[in-house]
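> coordinates for the following, if possible.
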Amino acid sequence: MAGSKALLLLLCAAAVLLTPASAAEDGLTKFKLYWHDVLAGTSPTAIRIAQAASSNSSSKDEIGRAQGTYTFADQATFGLLMNMNFVFTAGDYKGSGLTIYGRNEVLSAVREMSIIGGTGKFRMARGYVEARTMDSGAKSGETVVEYTVYVKAAAAS
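Numbers count the residues shown, from 1 in each chain. Take a look at the predicted model:
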């Protein structure tokens with residue numbers, strides 16, 4: 001009987017230890033941003049070789065810039081290797097940045113890529129982003145992708 005009580009106590013303790021902490025307790029920050037890849041107009045943000053011109057219709061306030069590269073990384077599907085920094089120039093994260101790296105299979109509804117580092121408020125960041133294409137840019141020349149960011153950073157010193 002004593003052995004059964006000890007086992008029950010051990011299982012209860014294990015259940016408590018394995019229960020995920022809430023976002024506030026574990027330091028996880030979650031937010032959304034919209035990445036615009038403008039291939040045409042007066043202020044393009046990317047250059048695609050042999051792409052026809054079109055107009056830019058974005059009217060949202062800019063909170064930062066994506067800086068980096070993406071290259072085609074697959075012969076069978078529309079897969080990209082993304083290597084970029086989200087550099088925040090306004091808002092709560094002004095002066096901070098996140099480094100994103102990973103495979104982006106563009107035609108999938110949701111793509112997941114790793115957060116492998118950060119600066120400022122995101123120093124020593126780890127996490128991931130989920131990317132969802134909102135507008136492919138086929139008509140507008142502007143691709144819009146919603147990024148949901150899940151990130152943990154080192155405690156402020």
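> buried ones in stretch 102-121, by neighbour count?
Residues of stretch 102-121 classed as buried: 102, 104, 106, 111, 113, 115, 117-119, 121 (neighbour count, 16 or more other C-beta atoms under 10 Å). Heads up, the C-betas are built off the backbone N, CA and C, glycines and all.
> again but with stretch 83-103, I slipped
Buried residues in stretch 83-103, defined by neighbour count with 16+ other C-beta under 10 Å: 83-88, 93, 96-100, 102.
> any idea which of the buried residues of stretch 102-121 is the one closest to residue 150?
In terms of C-beta to C-beta, no member of the buried residues of stretch 102-121 lies closer to residue 150 than residue 115, at 7.9 Å.
> wait, that closest one touches residue 130, no?
No. Contact criterion C-beta atoms under 8 Å: residue 115 and residue 130 do not qualify, at 11.2 Å.
> find the residues that touch each one of these two.
Common neighbours of residue 115 and residue 130 are listed as residue 150 (criterion: C-beta atoms under 8 Å, 6 or more residues apart in numbering).
> returning to what we had before: least confident pick among the buried residues of stretch 102-121?
Ranked by pLDDT, those bottom out at residue 106, which has 88.
> not counting sequence-adjacent ones, nearest residue to that one?
What sits nearest to residue 106 in space, not counting adjacent residues and going by C-beta to C-beta, 6 or more residues apart in numbering, is residue 78, at 4.5 Å.
> so which residues of this protein form strands?
Per DSSP state E, the chain has strands spanning 29-38, 64-72, 79-88, 97-105, 111-119, 126-135, 142-152. These are given in chain order.
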